[in-house]
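Q: Show me the folded form of this:
(3 chains)
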Amino acid sequence: MKNKLPLSFYKQDDVISVARALLGKNLYSLIDGQLTGGIIVETEAYRGPDDRGSHAYNNKRTPRNEMMYSSGGVVYMYICYGIHDMVNIVTGKEGMSHAALIRALEPIEGLDIMRDRRRIYGQDQRLCQGPGALAQALGLNKLHNGTDLQGDVVWITDEGKNFADDEVVASARVGMNFDGPYKTIPWRFSVKGNQFVSRPRM
DNA sequence: TATAGGATAGGCT
DNA sequence: GCCTATCCTATAG
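A: Now for the predicted structure:
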């Protein structure tokens, strides 16, 4: 695969701008010889120790979130609600617990495979609509925790697609069950009007 | 060791 | 819009 994002992209300190910059990039997986992927249209930033919404809030360090502290350029996966696997891109230098959650893709590669994995037919806009959904469509689960994005299992490419600022919406992140400024800080980025963006309950 | 609850999604009312 | 599946993790005792 060509045009893979360089390691330097993931090592940037500012996970907020990384999350924003990921919009328009392509995320691929090659699992069991099956290539699947799509254009990233929705992300969220989770900024290490000061972010109340992050697993690494207050420098909390547990076996689950250990991967967030590794050097940028790997995948952090975990299970939410016992059912859904979440795909996060670890950013920053070693020891910085920053990560960007990939929340939705516009499917472009391996549509048949994704339909089979999701058992959804005739509603392609739902294939990768939501963080749990896209992980399932790409065949990713917690066993892929720590996968190197420079490898040939999961990777991100830049194929020249860019969304201008007026095509992007910054809004409050989803599922923040606490009070305080981080509940509403606009660290969720999505493509305006894009039909593949998830629609969480308000 | 026990237990509460979570960065959700789909189906049902 | 509401309900809950389903299980691993984080905490407390």
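Q: Could you see whether DNA strand B lies near the helix or strand bottoming out on mean pLDDT in chain A?
A: The weakest-scoring helix or strand in chain A, judged by mean pLDDT, DSSP states H and E, is helix A:181-184 (a mean of 94). No - for a cut-off given as CB under 7 Å from any atom of the strand, helix A:181-184 has no contacts with DNA strand B; the smallest distance is 11.0 Å. Heads up, the C-betas are built off the backbone N, CA and C, glycines and all.
Q: Check which residues of that helix are buried.
A: A:Tyr182 (16 or more other CB atoms under 10 Å).
Q: So what touches that helix?
A: By CB atoms under 8 Å, 6 or more residues apart in numbering, the residues outside helix A:181-184 that reach it are A:51-53, A:172, A:176.
Q: same check, this time on stretch A:12-20
A: Contacts of stretch A:12-20 (CB under 8 Å, 6+ apart): A:9-10, A:43-48, A:72, A:89, A:91-93, A:96, A:98-100, A:168, A:170, A:187, A:189.
Q: ok, back up a step: would you mind identifying the next helix or strand past the least confident helix or strand of chain A?
A: The helix or strand immediately downstream of helix A:181-184 is strand A:188-191, counting by DSSP states H and E.
Q: What is that next one packed up against?
A: helix A:15-22, strand A:34-47, strand A:98-109, strand A:168-171 (3 or more CB pairs under 8 Å, 6 or more residues apart in numbering; DSSP states H and E).
Q: Mind checking the ones you listed for the one nearest to A:Leu138?
A: strand A:34-47 (5.2 Å; CB to CB).
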